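Undergrad: okay, here's the prediction I keep looking at, along with the sequence it came from:
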Amino acid sequence: ALLARPLPRLLAGQNLIDGARGFLAALLVATALLAVENYRATDYFRYNTYLNAYEFFHYYLGSKYQGELGSTRLYSAALVADNETGLKWKHSSGTIRDLATGTYVKADDILGNPGAVKKYFTPERWETFKKDVVWFKTRMVDSRWAGVLRDKGYNGTPVWGMVVGTLFTNRVPTDSGGGMMFLAMLDPLLLLLAFAAVVWAFGPRAAFFMVVLLGTHYMMKWWHMKGALLRTDYAVCMLFCACFLKKRWYAAAGMFLAWSALSRI
């Protein structure tokens, strides 16, 4: 900002100004590379894996079984499936979250009436659901598995669940290690595409500033969006919208803004 003002240009001369600009550009690139390393290293492999099973649990099961679970039956169905495959869940309160009310209900009440959730499944889909629940619960330590059924639930919209369920989660089984890792890598791929889009629309300087923001932002930590399934798509699509608006591609901008608005509650 200072180098763009008339007085520094007058006092320093163009050669010094160009040298200072080069130094600042190199500093920005170096900071962006450090931000990438911060994003890569911070919190990853906390439980000896890149894939964040706690976050993945909501978005994989929520989209794959949207027809059976709706927006309110994920935790109760998971508890019943857990019980039928060797109960791992335990919590000192003895309660899980009731997603229909936001309050807590006794786990024993859920387990005492398993038909209340199983009636929404065909026998084949229930067996597949149980297999998927086993995959997730074996990848969470006891405290994480206890906590996941007391969280706030799956917040993908019906539109998001329909699209992601059709294209991805109903096509990639949990027993496919490569397939599950592919799903977990969709978010880093989106961030890479976002960088390319900003370079195209606004230039490399803006793109490197974006990298610094994303690489150091608290919401990009493992507890929130890392190693999960398409957690960043709504934000990246807003960014694509801004890029296409800059290039006056209005139809494409509108499409990406629409997806961003439709994909999260």
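TA: Received the coordinates, thanks. Numbers count the residues shown, from 1 in each chain.
Undergrad: just checking, what's the longest helix in this protein?
TA: Identified as the longest helix of the chain according to DSSP state H is helix 14-41.
Undergrad: list the buried ones in that helix?
TA: Within helix 14-41, the residues scored as buried using 16 or more other C-beta atoms under 10 Å are Leu28, Thr31, Ala32, Ala35, Val36, Tyr39. Yep, even glycine has a C-beta here, placed from its N, CA and C like the rest.
Undergrad: what mean pLDDT does it get?
TA: Mean per-residue pLDDT for helix 14-41: 89.
Undergrad: what is the helix or strand that comes right after that helix packed up against?
TA: Following helix 14-41 in sequence order, the next helix or strand is helix 53-64 (DSSP states H and E). When contacts are defined as 3 or more C-beta pairs under 8 Å, 6 or more residues apart in numbering; DSSP states H and E, helix 53-64 packs onto helix 74-84, helix 123-137, helix 142-148, helix 158-164, helix 177-184.
Undergrad: which other residues reach helix 53-64?
TA: The contact list for helix 53-64 (C-beta atoms under 8 Å, 6 or more residues apart in numbering) reads 47, 69, 74, 78, 129, 132-133, 136, 139-140, 144, 147-148, 151, 153-156, 160-161, 164-165, 168-170, 174, 180, 183-184, 224-231.
Undergrad: stretch 182-202 now?
TA: The contact list for stretch 182-202, computed with C-beta under 8 Å, 6+ apart, reads 50-52, 56, 60, 168-169, 172, 206-207, 210-211, 214, 225-233, 236, 239-240, 242-244, 246-247.
Undergrad: kindly report the same for stretch 88-105.
TA: 71-76, 79, 82-83, 106-108, 110, 137, 142, 145-147, 149-153.
Undergrad: could you flag which of the residues you listed are buried?
TA: The neighbour-count test (16+ other C-beta under 10 Å) marks 71, 73-76, 79, 82-83, 107, 110, 137, 145-146, 149, 151, 153 as buried among the contacts of stretch 88-105.
Undergrad: assign a three-state SS to Met225, would you?
TA: For Met225, the assignment made with DSSP: H, G, I helix; E, B strand; the rest coil gives coil.
Undergrad: residues touching it, list them.
TA: Met225 makes contacts with Glu55, Asp187, Met219, Arg231, Thr232, as judged by C-beta under 8 Å, 6+ apart.
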